[in-house]
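Peer 1: would you be able to build a 3D model of this:
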Amino acid sequence: MSEPQLIVEREDGYAVLTLNRPEARNALSPQLLLDLCAAFRLLKGEPDIRAVILTGAGTAFCAGLDLKAMADSESGIGVYNIHAEHDITAAMTFFDRPIIVGVNGVAATGGFELALMGDILLASQEGRFADTHCRVGLAPGWGLSQKLARIIGPSRAREAHFTANFISAQQAADWGLVSRVVASEKLLDECRKVAADIASCVPETVKLYKQMVNDGLQTDLAAGLVMERNVMTQVNR
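Peer 2: From the prediction side, this is the model:
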């Protein structure tokens, strides 16, 4: 029997999702993308899961969409049916608990976008980020053109977009793209520590806090402060 393309492990209070196509640098095949969407939808219905860790097997995190799968299909990128059952943006956005991303190697293009769908990013020393959309002639569709500039600043983001050059793990940490860089052999352990700490907190408050932070990032500070005060008044009665 062939290896699953996505490994799902449930631990004490959290789950670990491992992209498992190391021979393809964990490129997202249609099946892997479908499995990943299904996993997030399934785990959302499990109250004992307080957080999710997402990482990759082998030496890469994720090389993005599988270009070979697109080349082999008459429909090209349509083979993914991205805005239907393969809608990873919706699956991860509507997952209401923290997502910790362990960037264990290259996170390129769609893999870069996948990493940015997480809430907390940790990178190994071998972690690297690259946006190769301009190099392969594809337009981003999972938020990279909008999110990266807001995280690391417009000039740095434009350089990354327009040149397709790599951002090292240390650069990513210096620019606030990841929380911190850890030794490769300790990456998953560090992710597990974060997940365990989250699992030890009040789950409903964690969910609420995630929503408040995400909602606040969609508006200006004044509106965000009003939103926070309204939530505080309703919750702390």
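Peer 1: which strand residues bridge Tyr14?
Peer 2: Ala51 (DSSP bridges).
Peer 1: what's near enough to touch it?
Peer 2: Tyr14 sits next to Ile49, Arg50, Ala51, Val52, Ile53, Arg192, Ala195, Ala196, Ile198, Ala199 when contact means CB atoms under 8 Å, 6 or more residues apart in numbering. The C-beta positions use only the backbone N, C-alpha and C, and glycine is treated the same way.
Peer 1: for the residues you listed, which one is nearest Asn26?
Peer 2: Nearest to Asn26 among those: Ile53, at 14.7 Å, using CB to CB.
Peer 1: lowest-confidence helix or strand of this protein?
Peer 2: helix 67-71 (a mean of 66; mean pLDDT, DSSP states H and E).
Peer 1: can you name the element that comes right after it?
Peer 2: helix 88-93 (DSSP states H and E).
Peer 1: which stretches of this structure form helices?
Peer 2: Under the criterion DSSP state H, helices of the chain are mapped to 30-44, 67-71, 88-93, 110-116, 133-136, 144-152, 154-163, 169-174, 187-199, 203-217, 221-235.
Peer 1: one step back: which two from the contacts of Tyr14 end up farthest apart in space?
Peer 2: Farthest apart among these - using CB to CB - are Ile49 and Arg192, which lie 13.7 Å from each other.
Peer 1: what mean pLDDT does stretch 117-129 have?
Peer 2: For stretch 117-129, the mean per-residue pLDDT is 98.
Peer 1: appreciated, that's everything.
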